[in-house]
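J.: 3D model of this:
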Amino acid sequence: MTPNTRSRPARRSIAVLAAGALAAGGLAAAGVPALRPGAASASSHREAPLISGQPQYDNTDVYAFVSPDRPDTTTLIANWTPFEEPAGGPNFYPFAGDAQHDIHIDSDGDGQGDLLYRWTFKNRVKNGNTFLYNTGPVTTLDDPDLNFTQTYDIELLKLKDQKVISSTKLAQGLPVSPSNVGKASMPDYGALRSQAVRQLPGGTTAFAGQADDPFFLDLRVFDLLYGGNLSEVGKDTLKGYNVNTIALQVPSAQLRKSTRQPVIGIWSTTQRKNASGGWSQVSRLGMPLVNEVVVPLKDKDKFNASAPWNDADFASYVTKPELPKLIESIYKIKAPAQPRTDLVSVFLTGVKDLNQPPNVRPAEMIRLNTAIPPSSSPKRLGVLDGDTAGYPNGRRLADDVVDISLQVVEGELTGAKNDLGDAVNANDAEFGKSFPYVALPASGSQGPLAKSSKSSARTSGATSTQLTGGARPVSSGGDENTLLIGSAAAGAAGIALIGTGLVWWRLRRRETGA
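T.: Coordinates of the predicted model:
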């Protein structure tokens, strides 16, 4: 939680917080490279007790923005499965086949979905007699060597008063871009990913597959708010992890009510098939960080199973938030006065004259004014920095929602100007300039590679030195013999040791006359 600089004229921070800790801890941490993801026992992705034990069904983030290269369209992105370690074989990370992955659109501000885009996935295994995800290098999505594949269907449901009035199949049997196993298995993952971008009728474009996790932040906020002294800031703790992404680019005219009412609300849910064969909602996500740091433990699972129409049940957590009180307790920054009507506009209704629809019903969802064109110079602090095309008007991939939320919750909109943040200002991987915009997933080959005397050594596997437990092979034979030679050498050493022990035992028996 550190002061940030903005492109607008600099201003005085609300407080100078632990300057020594910030300089020694936060700024130094920001410059420390990390080659591999680290362990994480808590995260903003694992936001509720029940869903934290079901990562495949856990909806981690939702993004909605006017497409920068196609401004007559809106891009919708939702991610699942937090903390995907890239080398997590042999099963890696498929989408859940017994779930409905939904993105909801409220086009009139009444807190009810008017459109629902639904993704369902099917698995296929070509050869069940091997443990391998792929049996050789994969160059195309229909490559025979890609042993495990997924396809998906997209269905569009139109609703009125929360009841389905029509259903249209938009796509069937589209291929999913696979998990990025590594360089030896997928030498050109970018080409594979591009094959998974599909054009649909009516000007819509679809994608489903693995991607680098676009959310950037320092999750050590949960260690009593950045270590209690700001010593734990500046590290993107999601760096190196992947997620499963679904993305849809839709002509904005198909989403909004009219050109006179261009604001839409967006949220996503996961329904999982239950024991009776029906469907139970197990995850819900709209605005970032709401269920993580606004809703208390006792209601987190209830929120995940709820609908925006019923968000009056949780309104007091927005008007009387816990986080400012915690910040006041630890860092002595006075919490803004309650009730927090400013937070209601940001998280529940949309901001007047920006992204608030007429006759709005307060409900937690991302609200996007599709009539505001993309910014030619996007700013990471979005609306707070004068960029009305950014968060909280929708959410772009590069919007720094943690810094924005920290500043808003500390009273930015009530006159308590501040520049607080977590010193993580951008994603570690560069986002794309065209659909689906998300960065390529981290490879299973990432991390330091073993040294090899041969330039042709396999870069994604262990070297002969590693396979022989650190001893160099006694033969100059080919790589395929390395493991056998190493094992033989180790076996010979063991036999020699046993022989030495036997001789010593016999000599001792002679000396003692036994």
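
J.: Which residue ranges of the protein form helices?
T.: Applying DSSP state H to the chain gives helices spanning 19-21, 28-30, 189-195, 224-227, 290-293, 297-304, 315-319, 323-331, 341-344, 401-409, 464-467, 482-512.

J.: Can I get stretch 187-204 in PDB, CA atoms only?
T.: Extracted in PDB, the C-alpha atoms of stretch 187-204 (Å, rounded to 0.1, in the frame of the first residue of the first chain):
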ATOM      1  CA  PRO A 187       7.300 -25.400 -29.900                       C
ATOM      2  CA  ASP A 188       5.000 -22.500 -31.200                       C
ATOM      3  CA  TYR A 189       2.300 -22.100 -28.700                       C
ATOM      4  CA  GLY A 190       1.300 -18.700 -30.200                       C
ATOM      5  CA  ALA A 191       0.400 -20.400 -33.400                       C
ATOM      6  CA  LEU A 192      -1.800 -22.900 -31.500                       C
ATOM      7  CA  ARG A 193      -3.500 -20.100 -29.700                       C
ATOM      8  CA  SER A 194      -4.300 -18.300 -32.900                       C
ATOM      9  CA  GLN A 195      -6.000 -21.400 -34.300                       C
ATOM     10  CA  ALA A 196      -8.400 -21.200 -31.300                       C
ATOM     11  CA  VAL A 197      -9.700 -17.800 -32.300                       C
ATOM     12  CA  ARG A 198     -12.900 -18.400 -34.200                       C
ATOM     13  CA  GLN A 199     -15.300 -16.100 -36.100                       C
ATOM     14  CA  LEU A 200     -19.000 -16.700 -35.500                       C
ATOM     15  CA  PRO A 201     -22.000 -15.500 -37.400                       C
ATOM     16  CA  GLY A 202     -23.200 -12.000 -36.800                       C
ATOM     17  CA  GLY A 203     -19.800 -10.400 -36.300                       C
ATOM     18  CA  THR A 204     -18.900 -12.200 -33.000                       C
END
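
J.: looking only at pLDDT, what's the mean for it?
T.: Mean pLDDT, stretch 187-204: 97.

J.: which residues touch it?
T.: Here stretch 187-204 makes contact (CB atoms under 8 Å, 6 or more residues apart in numbering) with 73, 137-141, 154, 170-171, 174-178, 180, 186, 205-209, 248-251, 254, 435-436, 440-441, 443. All C-beta spots, glycine's among them, are computed from the backbone N, C-alpha and C.

J.: Show the buried residues in those.
T.: 73, 138, 141, 154, 170-171, 174-178, 180, 186, 205-209, 248-251, 435-436, 440-441, 443 (16 or more other CB atoms under 10 Å).

J.: Among these, which ones are in strands?
T.: The members of these that map onto strands under DSSP state E are 73, 154, 170-171, 174-175, 205-209, 248-251.

J.: for the residues you listed, which one is nearest Val424?
T.: Gly209 (25.3 Å; CB to CB).

J.: Just confirm that closest one contacts Thr245, I think it does.
T.: Yes - counting by CB atoms under 8 Å, Gly209 touches Thr245, with 6.4 Å between them.

J.: what residue lies at the spatial centre of the chain?
T.: Closest residue to the average C-alpha location of the chain: Asp213 at 3.7 Å, with CA atoms, centre = their mean.

J.: Now do that one against Asp428, distance only.
T.: Counting by CB to CB, to the nearest Å, the gap from Asp213 to Asp428 is 9 Å.

J.: Please apply the same query to Ala439.
T.: 9 Å.

J.: what do those two both touch?
T.: Asp212.

J.: What count of nearby residues applies to Gly240?
T.: 22 (other CB atoms under 10 Å).

J.: Also Asn274?
T.: Using other CB under 10 Å, Asn274 has 11 neighbouring residues.

J.: Same check on Val221?
T.: Quick note: Val221 (other CB under 10 Å) scores 23 neighbours.

J.: what's the answer for Thr388, then?
T.: Neighbours of Thr388 (other CB under 10 Å): 15.

J.: Look up the pLDDT of the spatially closest residue to it that is not a sequence neighbour for me, please.
T.: Leaving aside its chain neighbours, Thr388 sits nearest to Ile372 (5.6 Å; criterion: CB to CB, 6 or more residues apart in numbering). Listed pLDDT for Ile372 reads 98.

J.: ok, now Val503?
T.: According to the model, Val503 scores 42 on pLDDT.

J.: swap in Tyr241?
T.: You'll see Tyr241 listed with a pLDDT of 97.

J.: which residues touch it?
T.: By CB under 8 Å, 6+ apart, the contact set of Tyr241 is Pro37, Pro82, Phe83, Glu84, Glu85, Pro86, Asp212, Asp213, Ala442.

J.: now the fifth one: how far from Asn291?
T.: This means Glu85. From Glu85 to Asn291 the distance is 24 Å (CB to CB).

J.: Which one of these two is surrounded by more residues?
T.: Of the pair Glu85 and Asn291, Asn291 is the one with more neighbours under other CB under 10 Å, namely 24 against 16.

J.: Could you report the separation of that one from Pro144?
T.: Using CB to CB, Asn291 is found at 43 Å from Pro144.

J.: ok, back up a step: between the contacts of Tyr241, which is nearest Gln271?
T.: Distances from Gln271 to those, taken by CB to CB, are shortest for Pro82, at 18.6 Å.

J.: hang on, the earlier thing: if I read this right, the residue nearest to the centre of the chain contacts Asn244, doesn't it?
T.: No - contact criterion CB under 8 Å: Asp213 and Asn244 do not qualify, at 10.1 Å.

J.: Could you name every residue contacting both of the two?
T.: Contacts common to Asp213 and Asn244, judged by CB under 8 Å, 6+ apart, are Asn79, Glu84.

J.: which regions of this protein sit below the pLDDT cut-off?
T.: 1-48, 452-514 (pLDDT under 70).

J.: quick one, what contacts Ile77?
T.: Asp61, Val62, Tyr63, Ala64, Thr245, Ile246, Ala247, Leu248, Leu397, Pro436, Tyr437, Val438.

J.: From those, pick the one nearest Val164.
T.: Nearest member of the contacts of Ile77 to Val164, counting by CB to CB, is Leu248, at 19.1 Å.

J.: Pull out the buried positions in stretch 273-285.
T.: Applying 16+ other CB under 10 Å to stretch 273-285 flags Gln281, Val282, Ser283, Arg284, Leu285 as buried.

J.: and stretch 419-428, which residues are buried?
T.: Quick answer for stretch 419-428 (16+ other CB under 10 Å): Asp419, Leu420, Gly421, Asp422, Ala423, Val424, Asn425, Asn427, Asp428.

J.: before we move on, what about stretch 348-358?
T.: Within stretch 348-358, the residues scored as buried using 16+ other CB under 10 Å are Leu348, Thr349, Gly350, Val351, Asn355, Gln356, Pro357.

J.: so how far is that stretch off the chain centroid?
T.: Chain-centre distance of stretch 348-358: 27 Å, with CA atoms, centre = their mean, to the nearest Å.

J.: Name the surrounding residues that touch that stretch.
T.: Stretch 348-358 has contacts (CB under 8 Å, 6+ apart) with 108-109, 261, 263, 265, 311, 315, 318, 345, 360, 362-364, 367-369, 383, 388, 392-394.

J.: Output that stretch in PDB with nothing but the alpha carbons.
T.: Output of stretch 348-358 as PDB, limited to C-alpha atoms (Å, rounded to 0.1, in the frame of the first residue of the first chain):
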ATOM      1  CA  LEU A 348     -23.600  -1.100  -7.000                       C
ATOM      2  CA  THR A 349     -25.200   1.500  -9.200                       C
ATOM      3  CA  GLY A 350     -22.600   2.900 -11.500                       C
ATOM      4  CA  VAL A 351     -21.400   6.500 -11.400                       C
ATOM      5  CA  LYS A 352     -23.900   9.200 -12.400                       C
ATOM      6  CA  ASP A 353     -23.200  10.700 -15.900                       C
ATOM      7  CA  LEU A 354     -20.700   8.000 -16.500                       C
ATOM      8  CA  ASN A 355     -22.000   4.400 -16.300                       C
ATOM      9  CA  GLN A 356     -25.200   4.600 -14.300                       C
ATOM     10  CA  PRO A 357     -28.300   3.500 -16.200                       C
ATOM     11  CA  PRO A 358     -31.600   5.200 -15.600                       C
END
